[in-house]
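*Asks:* quick one: sequence and predicted model below, then my questions.
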Amino acid sequence: MINVSLVQERLSLIKSYLTELEELRRFEREAFLADKKVIGATESYLRRSLEAVFDVGRHILAKTGGADLTLEYKSIAQGLAARGVVDRHLGEQLVKMAGYRNRLVHLYHLVTDEELYEIIQSDLDDIRGFVVAIRDFLGRQGRTNSAQRH
């Protein structure tokens, strides 16, 4: 059974990280690129957001019979779409997010300050969309569980 409290806690974390990223995206490009602390904070909040996204996905799959899909980040993304937890488009975006998470963690030396700036300017809606999709999924699960009890 899905631990709704755990999922909601992770969603709250994601929302708090998005709030921080929203603040960081207010920097003009030149000011952003000139401030290593701002860049470091951006990278940290973005990585944490992605980790939490995939923690949520892993938990949902593990608790809904998709444990075999929880070993790799891209398979988590694909599994969420295949099981209808997220729509196909968001599933495709999650696959890209999984690749970027791996880049942040394993190829961090190749991540540029410019790409971090561009991501927070244009790609945060994908993370927001994930939060909405998971909340919708939890609502559908709650209605299904309620109907099964009656």
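*Replies:* Okay, I see it. Numbers count the residues shown, from 1 in each chain.
*Asks:* can you read off the pLDDT for the closest residue to residue 69 other than its chain neighbours?
*Replies:* Spatial nearest neighbour of residue 69, chain neighbours left out: residue 79 (3.4 Å); criterion: C-beta to C-beta, 6 or more residues apart in numbering. The C-beta positions use only the backbone N, C-alpha and C, and glycine is treated the same way. For residue 79, the pLDDT comes out at 95.
*Asks:* burial of residue 79, as a residue count?
*Replies:* By other C-beta atoms under 10 Å, 24 other residues sit near residue 79.
*Asks:* any idea how far the host helix or strand of residue 139 is from the chain center?
*Replies:* Take DSSP states H and E as the rule and residue 139 turns out to sit in helix 124-149. Counting by C-alpha atoms, centre = their mean, to the nearest Å, helix 124-149 is centred 14 Å from the centre of its parent chain.
*Asks:* buried sites along that helix?
*Replies:* Using 16 or more other C-beta atoms under 10 Å as the test for burial, helix 124-149 gives 124, 126, 127, 129, 130, 131, 133, 134, 137, 138, 141.
*Asks:* just checking, what packs against that helix?
*Replies:* Applying 3 or more C-beta pairs under 8 Å, 6 or more residues apart in numbering; DSSP states H and E, one finds that helix 124-149 contacts helix 4-24, helix 36-63, helix 88-106.
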